[in-house]
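S.K.: whatever this is, show me its structure:
(chains A and B)
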Amino acid sequence: DAGVTQSPTHLIKTRGQQVTLRCSPKSGHDTVSWYQQALGQGPQFIFQYYEEEERQRGNFPDRFSGHQFPNYSSELNVNALLLGDSALYLCASSLRAAGVADTQYFGPGTRLTVL
Amino acid sequence: AQSVTQPDIHITVSEGASLELRCNYSYGATPYLFWYVQSPGQGLQLLLKYFSGDTLVQGIKGFEAEFKRSQSSFNLRKPSVHWSDAAEYFCAVGAYGGATNKLIFGTGTLLAVQP
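M.R.: You can find the predicted model right below:
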């Protein structure tokens, strides 16, 4: 049973550039959430996608956007990168039909460094 | 506002000793609580979760946690720690809002295990 996968593993960008991160959910899952984990901090919720639409969003600027594809995979895009965007970006998948018993399973993350 | 507090940033225990990691939450409704573990450079692995019912929940790797509503706590315990338990541990509350959910994490507790 394939778990959540993310690509790339590591990424180095310079300020002002744009980046795209990718996530494939666990088999059978239809909902993808993205989290940002800064060094020494807990993960912070960015947004969540279900049925190819953004369903809920955390306190992140519009520079952060996403997309979900018909096969449930997802992309996170960050425009106009800032030094403060350097972090581990985690993708989590879950099953919407589980309702309140929903459990999120995380991928290994993408380490983004902005120089 | 919903929040999770992990008062201990760093804990060191000897191998074979017992362990208790503290977690306090603030949430207006019935909380859905989780403990995740993160090894260096890795994503988050679910240890255990509490949705309802028995307040003592068992997880993987010999961990357990007890939900105490009166104290707004969900402390993680293990009777005998192994060197491989060295990692960072995150407590989270699931904030369910209608059709969507998100996890709110604490800042984590870094566990070191002495031989």
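
S.K.: how confident was the prediction at residue 63?
M.R.: You didn't say which chain, so I picked chain A. The model reports A:R63 with a pLDDT of 97.

S.K.: oops, I was thinking of chain B
M.R.: The per-residue confidence score, pLDDT, reads 97 for B:F63.

S.K.: hang on, isn't it packed against B:P79?
M.R.: No - counting by CB atoms under 8 Å, B:F63 sits too far from B:P79 to count as a contact (9.6 Å). Just so you know, the C-beta spots here come from the backbone N, C-alpha and C atoms, and that holds for glycine as well.

S.K.: out of those two, which sits in the busier spot?
M.R.: Relative neighbour count places B:F63 above the other of B:F63 and B:P79, with 20 against 11, counting by other CB atoms under 10 Å in any protein chain shown.

S.K.: from B:Y36, how far off is that one?
M.R.: Using CB to CB, to the nearest Å, one obtains 11 Å as the distance from B:F63 to B:Y36.

S.K.: A:Q56 now?
M.R.: From A:Q56 over to B:Y36 (counting by CB to CB), the distance is 20 Å.

S.K.: strands of the chain, residue ranges please.
M.R.: Unless you meant another one, I'm taking chain A. Counting by DSSP state E, residue ranges of the strands within chain A are A:5-7, A:10-13, A:19-24, A:31-37, A:44-50, A:53-57, A:64-68, A:74-78, A:87-94, A:105-106, A:110-114.

S.K.: not quite, I wanted chain B
M.R.: With DSSP E as the criterion, chain B has strands at B:3-5, B:10-14, B:19-21, B:24-26, B:32-38, B:44-50, B:56-58, B:64-68, B:73-78, B:87-97, B:100-105, B:109-114.

S.K.: contacts for the last one, please.
M.R.: Right, strand B:109-114. Counting contacts by CB atoms under 8 Å, 6 or more residues apart in numbering or on different chains, the residues outside strand B:109-114 that touch it are B:6, B:8-15, B:19, B:21-22, B:81-83, B:85-89.

S.K.: lowest average pLDDT across the strands of chain A?
M.R.: Mean pLDDT values for the strands of chain A show the minimum at strand A:53-57, a mean of 90.

S.K.: and it with strand A:64-68, angle?
M.R.: Here strand A:53-57 points in a direction 140 degrees away from that of strand A:64-68 (axes from the mean of the first three to the mean of the last three CA atoms, to 10 degrees).
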